[in-house]
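**Q** Have a look; sequence and predicted model below, questions after that.
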Amino acid sequence: MRYKDKHQLAAEWQTLLERTPKPLRQAIETLVEHHGQNFADHFYRVMLEDPHASLFLSNAQVEQRLHPSMQRWLKAMFAVEHADFESLVEQQEKVGQVHARIDIPVNLVLSGARQLKQAFYEQINATFKSPLSPGDASVYVSDHIDMAMEIMSHAYSVASDRNARTEEAYKLFSLTQNIGDERERQRSALLNWENALMFAVAAQQDIATLPRLSNSDFGLWYLHKACHAFEGAPEIATISRHIKQVDCEWLEVLLHEDPSQRLKALGEIRDAARTVLMLLDDVLQRASGLDAGRDSLTRLLNRKFLSVVLSREIDIARHSEHCFALLMVDIDHFKSINDTHGHDAGDNVLQQVASILDRSTRGGDYVFRMGGEEFLIVLVNTDHDGSRLFAERLRQSVAKEPMLAGADTLLNVTVSVGVTLHDGHPDYHHSLQRADQALYEAKRGGRDRVVVQ
Ligand SMILES: Nc1nc2c(ncn2[C@@H]2O[C@H](COP(=O)(O)OP(=O)(O)OP(=O)(O)O)[C@@H](O)[C@H]2O)c(=O)[nH]1
């Protein structure tokens, strides 16, 4: 998508500002200082009356935070002078990205902007007297809010495009979660097609009724799911070519009157089926690695799908009575394990801790390796006491299991855990920050402990 760059937007914004006389800008700045609170009140009052908007805003945390941040936003927008227009543009982009993250519909944001303008107009009309023109002041306010909305909307659409793509990739990822099963299923689907074909040939069926590979169970899975899931993989074009060649060339020859031609076609079809299976094995094998969302060392999820998982859990929590907790788990003094026993020993410890985390969680929970020696557990359907108890048990499980660092080196390893229960805030960054903060406190408090925020 072609769009103005930051530089251009900043220049446009500056032009908007400069065409308004300074005394008028000064008066608006004062208006925001005196009435910013009322504008924010008006905004929330009207938005909370909208049942859809209140889904996103009625949370106490949001109200507490957004109220002052809306006032700060107004102050920043309507300052008489701006030292740096690019940072003003960046601020709007950040707001747009948050909107996308919490999935607030763009029409609600625009409706909020309209409410805000309305509140401004009323106040301007009530207080601005000559020589200050209420009309000019309203245009100035309106242009500024529109400018901010334009930038937010663009940042919103870029971010939500990205979210949608990641979500799609996640669906396909979960579809191929069990690569071993999928491989076996498709292998037997391909064999079934071959058998059906041999039977049809033996029965001298008409060419039009011979089973096509592209219409078989295998072919349908391949065309509808695999092609999409593994788009861009070099093997995909070759597999497609083989399928087409079987259906469009070799099936015809199967009914040739010359038996040697028929035999040749049979051989070609068998070879094509083998090649397809082999290529598919390669693609599936790769898909089970890091690229598909798993960390290659620990086999846990990597961060790729963190945003999808957390957004979905927030959505589930919003529509149900259940809550989820985030547990940030970090191995204590891991650097000294590496330094004393070597990097391979460190890797072994990472794998064993990962395996404990994985074994300790239920089927609906998620375990991510966030990087280095830090892990994140998304514990679903839980509450304050439940998550604390789980974290405490986990800490003890790690502490009491001696870790095999090398051939004959056993180590005692501990972890610190920061726990936070989802508090209804629609932005998952907020919960991640709280979990991080809890982990920081666990470390600061001496490590090998659980802190609940
Ligand atoms: N073996 C191994 N080491 C890693 C890997 N990823 C990161 N590390 C190392 O992990 C160490 C983390 O060290 P720090 O962040 O100082 O943390 P720490 O020593 O655990 O100290 P505290 O967390 O404060 O208890 C660094 O030395 C990294 O190089 C990995 O995949 N394998």
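**A** Okay, I see it.

**Q** The protein against the ligand: which residues are in contact?
**A** Contact residues, the chain versus the ligand (CB under 6 Å from any ligand atom): 297, 330-335, 338, 343, 346-347, 350, 372-373, 443, 447. In short, each C-beta sits where N, CA and C put it, glycine included.

**Q** quick one: pLDDT of E257?
**A** Note for E257: predicted pLDDT of 83.

**Q** Check E231 too.
**A** For E231, the pLDDT comes out at 71.

**Q** Which strand or helix spans it?
**A** Under DSSP states H and E, no helix or strand contains E231.

**Q** That one: neighbour count?
**A** When neighbours are defined as other CB atoms under 10 Å, E231 has 10 of them.

**Q** Test my guess that Q437 contacts G418.
**A** Yes. Between Q437 and G418 a contact is recorded at 6.9 Å, counting by CB atoms under 8 Å.

**Q** Tell me which residue of the stretch 1-150 of the chain lies closest to the ligand.
**A** R101 (27.1 Å; CB to the nearest ligand atom).

**Q** And for that residue, nearest residue in space, chain neighbours not counted?
**A** D427 (5.6 Å; CB to CB, 6 or more residues apart in numbering).

**Q** ok, now how distant is the one you found from E392?
**A** Separation of D427 from E392 (CB to CB, to the nearest Å): 28 Å.

**Q** what about the two, which has more around it?
**A** D427 (20 against 15).

**Q** for the chain, what are the low-confidence residue spans?
**A** Residue ranges of the chain with pLDDT under 70: 1-3, 59, 61-62, 168, 171-178, 287-292.

**Q** Quick check: the residue of it nearest the ligand.
**A** Of all residues in the chain, the one sitting closest to the ligand is G346 (2.6 Å; CB to the nearest ligand atom).

**Q** Ramachandran angles for that residue?
**A** With angles defined as degrees, to the nearest 10, G346 sits at phi -60, psi -40.

**Q** Around the closest residue to it other than its chain neighbours, count how many other residues there are.
**A** Nearest in space to G346, with sequence neighbours left out and distances taken as CB to CB, 6+ apart, is N338 at 4.1 Å. Neighbourhood size, N338 [other CB under 10 Å]: 17.

**Q** if I read this right, N338 contacts A345, doesn't it?
**A** Yes. Counting by CB under 8 Å, N338 touches A345, with 7.4 Å between them.

**Q** ranges for the helices of the stretch 1-150 of the chain?
**A** When assigned using DSSP state H, counting those that start in this stretch, the helices of the stretch 1-150 of the chain occupy the ranges 6-18, 22-49, 51-57, 60-77, 85-101, 106-127, 134-175.

**Q** residues contacting the most centrally placed residue in the chain?
**A** For the chain, the residue nearest the mean C-alpha position is S307 (2.7 Å; CA atoms, centre = their mean). Contacts for S307 (CB atoms under 8 Å, 6 or more residues apart in numbering) come out as R101, N163, T166, Y428.

**Q** Go again with 7 Å.
**A** Residues near S307 by CB atoms under 7 Å, 6 or more residues apart in numbering: N163, T166.

**Q** Quick check: the gap between it and E93.
**A** For S307 relative to E93 (CB to CB), the value is 17 Å.

**Q** how about E392, what does it touch?
**A** Per CB under 7 Å, 6+ apart, neighbours of E392: V450.

**Q** and it, what element?
**A** E392 belongs to helix 384-400, assigned by DSSP H and E.

**Q** Report the distance from that helix to the chain centre.
**A** 27 Å (CA atoms, centre = their mean, to the nearest Å).

**Q** you'd agree R262 is up against W250?
**A** No. At 10.2 Å, R262 does not count as touching W250 under the criterion of CB atoms under 7 Å.

**Q** more crowded one of the two?
**A** W250 (21 against 15).

**Q** for the more buried one, phi and psi?
**A** Dihedral angles for W250 - degrees, to the nearest 10 - are phi -70, psi -30.

**Q** when you give positions from now on, start the count at 129
**A** Sure, I'll start numbering at 129, so the last one becomes W378.

**Q** can you tell me the helix or strand for T426?
**A** Counting by DSSP H and E, T426 is part of no helix or strand.

**Q** wait, what's in contact with it?
**A** Neighbouring residues of T426 by CB under 7 Å, 6+ apart: L478, Q479, A482, R497.

**Q** Roughly how far does it sit from Q220?
**A** T426 is 39 Å from Q220, by CB to CB.

**Q** Next up, phi/psi of D386, please.
**A** According to degrees, to the nearest 10, D386 has phi -80, psi 120.

**Q** and it, how many neighbours?
**A** Other residues close to D386 by other CB under 10 Å number 9.

**Q** mind listing what's buried in stretch 438-448?
**A** Within stretch 438-448, the residues that count as buried by 16 or more other CB atoms under 10 Å are L438, S439, E441, I442, A445.

**Q** Between the residues you listed, which sits nearest D169?
**A** I442 (26.8 Å; CB to CB).

**Q** Just to check, that closest one is in contact with Y556?
**A** Yes. Counting by CB under 7 Å, Y556 is a contact partner of I442 at 6.1 Å.

**Q** Leaving out chain neighbours, which residue sits closest to R427?
**A** A482 (7.3 Å).

**Q** hang on, the earlier thing: which members of the residues of the chain next to the ligand are classed as buried?
**A** Among the residues of the chain next to the ligand, the ones that count as buried (16+ other CB under 10 Å) are D458, I459, D460, F462, N466, G474, L478, E501, K571.

**Q** Shouldn't the first one be within a helix?
**A** No. Residue state for D458 (DSSP: H, G, I helix; E, B strand; the rest coil) corresponds to strand; a helix is not indicated.
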